[in-house]
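1. Structural data only, the sequence is not supplied:
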C-alpha cells in the first residue's frame, strides 16, 4: 500500500498508453484528473516530479506514421512534433489547478556524466523548491540508439536517484507484479518485494500496448536502480481517472522496498563509488563547520590539488593532510584555486559570474573518517 504521509519527494512516471488514446490524441480528461491529484498532494507539502512518455505516440498521429515499425529518424521526427503537444497538454492541465510547469528533456548522457548530472540535479532541485512541477521526458529528437534509455521506466528511476526521491510511482496498465501474466487464470498479485531475486525476475508477464515501449522487465530494472538509491518504488494501475488519488486511498499496487534511505545511498555512492579526481585541504575552522553539518565555503580551504571538473569527486583533507570526507565540488580545479581563502561574497568578482556560494554543499558530502556518522548527514532536499 502507498502511504502518502511516509513520503516527501515523489516521482511519477506516466506511460504512453495512459496519456494517448487509440486515435493518437492526448487523453485530456485523464490528464486533468491527474493534475488535480498532483495539486492536492502539492498543497499538502509534497514535492512532485513527473516523467512523461507520449511524445512519439502523439507525433506519429500528426505525421501519419504507423503505430509500430518506425525507423529511428521517423521516431525522432515524431518526437519533435509530439513533444510540443505533450508539453502544452501538461502546461494547460497543471495551470488549471494553479501549478507552474517546467519541461526538462534528458538523454542518458545527462545522468551518467557528472557535469551534466549536476546541472540537471541543480535545475530540478531549484524548480521543486519553488513549487514548480518538472515534467521530464527523454530527448528523443536528438538521442541516438547508443545514448537512449529506450524506456521511461529506467529514466524515471534515474531521475528519482538524481534528486534523492523517497518514492517512485510507475503508473501502468496493470496494478502491480503478478506471479504470471495477469491475463492467465489463477495469477497471484505480489504486494511487497523486499529483494529482486531470480524468482521475482521469472514472474513478469507481457505488459505493453500499441504506444508503449516498456514492460514488466523494464520495471524490474527501474526497481533495482530506485531501491538501491534508497527510494521505494510502486507499480500501480493508472487506467482510471484520478489515479494518484486512488492510490493514496488504497488502490492495489506492488511496493518494492528501498535498501536504506535515499540520503544514506547517496552518501555511500559519493564516499565509495566515485573516482577521486582531486583534493581540498581545509583549515581547522572548516573541519569543525563540516562536523556541525555546514557546507564547505571557499574561505576555509587552504590548498587545491589535482585537475578536476565541476561535479567531480574530491577528497577533503584536514590540516594534517588526513582524508576526512569526500564530496562533489561545485567548481573546477582552476576556478577553485582562484577563490580559496575568499569569502563567498567575493566569488562573482573573482570569477566574473555568480556561481554557488559553497565549494562542496553538505548534501554532496560524505564522511570517510570514523568520527562522523552517516546518520548525522543532512538530507538532499534542497
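-> That came in fine, so what should we check first? Model, not experiment: these values are computed from the prediction.

2. if I pick residue 254, what's in contact with it?
-> By Cβ atoms under 8 Å, 6 or more residues apart in numbering, residue 254 lies in contact with 175, 176, 177, 189, 190, 191, 192, 193, 234, 235, 236. Every C-beta, even on glycine, is put in place using the N, C-alpha and C of the backbone.

3. Let me see the ranges of the helices in the stretch 201-350 of the chain.
-> Counting by DSSP state H, counting those that start in this stretch, the stretch 201-350 of the chain has helices at residues 216-228, 243-248, 262-268, 284-291, 333-339, 347-351.

4. So which elements touch the longest one?
-> Spelled out, that is helix 216-228. Helix 216-228 is packed against helix 152-162, strand 167-172, strand 232-237, strand 253-256, with contacts defined by 3 or more Cβ pairs under 8 Å, 6 or more residues apart in numbering; DSSP states H and E.

5. Please produce TSV containing the ones you listed, extended by distance to residue 67.
-> As requested, the helices and strands packed on helix 216-228 are exported to TSV (distance: least, Cβ to Cβ, whole Å):
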stretch	distance to residue 67
helix 152-162	17
strand 167-172	18
strand 232-237	22
strand 253-256	28
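
6. how about the ones you listed in a markdown table, adding distance to residue 323 and mean pLDDT?
-> Below are the helices and strands packed on helix 216-228 laid out as a markdown table (distance: least, Cβ to Cβ, whole Å; pLDDT from 0 to 100):
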| stretch | distance to residue 323 | mean pLDDT |
| --- | --- | --- |
| helix 152-162 | 25 | 90 |
| strand 167-172 | 34 | 96 |
| strand 232-237 | 33 | 96 |
| strand 253-256 | 35 | 96 |
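
7. Nearest to residue 52, out of those?
-> The closest approach between residue 52 and any of the helices and strands packed on helix 216-228, judged by Cβ to Cβ, belongs to helix 152-162 at 7.6 Å.

8. From the rest of the structure, what touches that closest one?
-> Applying Cβ under 8 Å, 6+ apart, the set of residues contacting helix 152-162 from outside is 11, 13, 15, 49, 51-53, 106, 108, 111, 117, 120-121, 124, 136-138, 149, 165, 168, 170, 214, 218-219, 221-226, 229, 231, 233.

9. Quick one: low-confidence residue ranges for the stretch 51-200 of the chain.
-> For the stretch 51-200 of the chain, the stretches flagged by pLDDT under 70 are 108-115, 140-150.

10. Now residue 259: closest residue in space that isn't a chain neighbour?
-> Among residues not flanking residue 259 along the chain, residue 227 sits closest, at 5.4 Å (Cβ to Cβ, 6 or more residues apart in numbering).

11. oh sorry, the question was meant for residue 354
-> Going by Cβ to Cβ, 6+ apart, residue 354 has residue 348 as its nearest residue, at 4.5 Å.

12. and what of residue 94?
-> Spatial nearest neighbour of residue 94, excluding adjacent residues (Cβ to Cβ, 6+ apart): residue 101 at 4.7 Å.

13. again, but for residue 81
-> residue 59 (3.7 Å).

14. how about the one you found, what does it touch?
-> Residue 59 sits next to 65, 77, 78, 79, 80, 81, 82, 83, 85 when contact means Cβ under 8 Å, 6+ apart.

15. Out of those, grab the one that's most surrounded.
-> Ranked by the number of neighbours (other Cβ atoms under 10 Å), the contacts of residue 59 place residue 82 first, at 28 neighbours.

16. so is residue 33 in a helix, a strand, or just coil?
-> Taking DSSP: H, G, I helix; E, B strand; the rest coil as the rule, one finds residue 33 in the helix state.

17. Which residue is most remote from the mean position of this protein?
-> Centroid-distance maximum for the chain: residue 320 at 38.0 Å, with Cα atoms, centre = their mean.

18. quick check: mean pLDDT across stretch 264-282?
-> The predicted model assigns stretch 264-282 a mean pLDDT of 80.

19. how long is that stretch end to end?
-> Distance between the two ends of stretch 264-282: 24 Å, counting by Cα to Cα, to the nearest Å.

20. Can you list the buried residues in it?
-> Within stretch 264-282, the residues that qualify as buried are 264-271, 274, 277-282, counting by 16 or more other Cβ atoms under 10 Å.

21. Equivalent analysis for stretch 306-317, please.
-> In terms of neighbour count (16+ other Cβ under 10 Å), stretch 306-317 has its buried residues at 308, 309, 310, 311, 312, 313, 314, 315, 316, 317.

22. hang on, the last one packs against residue 323?
-> Yes. The pair formed by residue 317 and residue 323 meets the contact definition of Cβ atoms under 8 Å, at 5.7 Å.

23. hang on, the earlier thing: let me have the helices of the stretch 201-350 of the chain in a markdown table, extended by distance to residue 30.
-> Below are those laid out as a markdown table (distance: least, Cβ to Cβ, whole Å):
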| stretch | distance to residue 30 |
| --- | --- |
| helix 216-228 | 20 |
| helix 243-248 | 8 |
| helix 262-268 | 30 |
| helix 284-291 | 48 |
| helix 333-339 | 48 |
| helix 347-351 | 47 |
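
24. between these, which gets the lowest average pLDDT?
-> The bottom spot among the helices of the stretch 201-350 of the chain, by mean pLDDT, belongs to helix 262-268, with a mean of 72.

25. Figure out how far it is from the centre of its chain.
-> 14 Å (Cα atoms, centre = their mean, to the nearest Å).

26. Ok, stretch 18-31 next?
-> The offset between the C-alpha centroid of stretch 18-31 and the centroid of the whole chain comes to 25 Å, using Cα atoms, centre = their mean.
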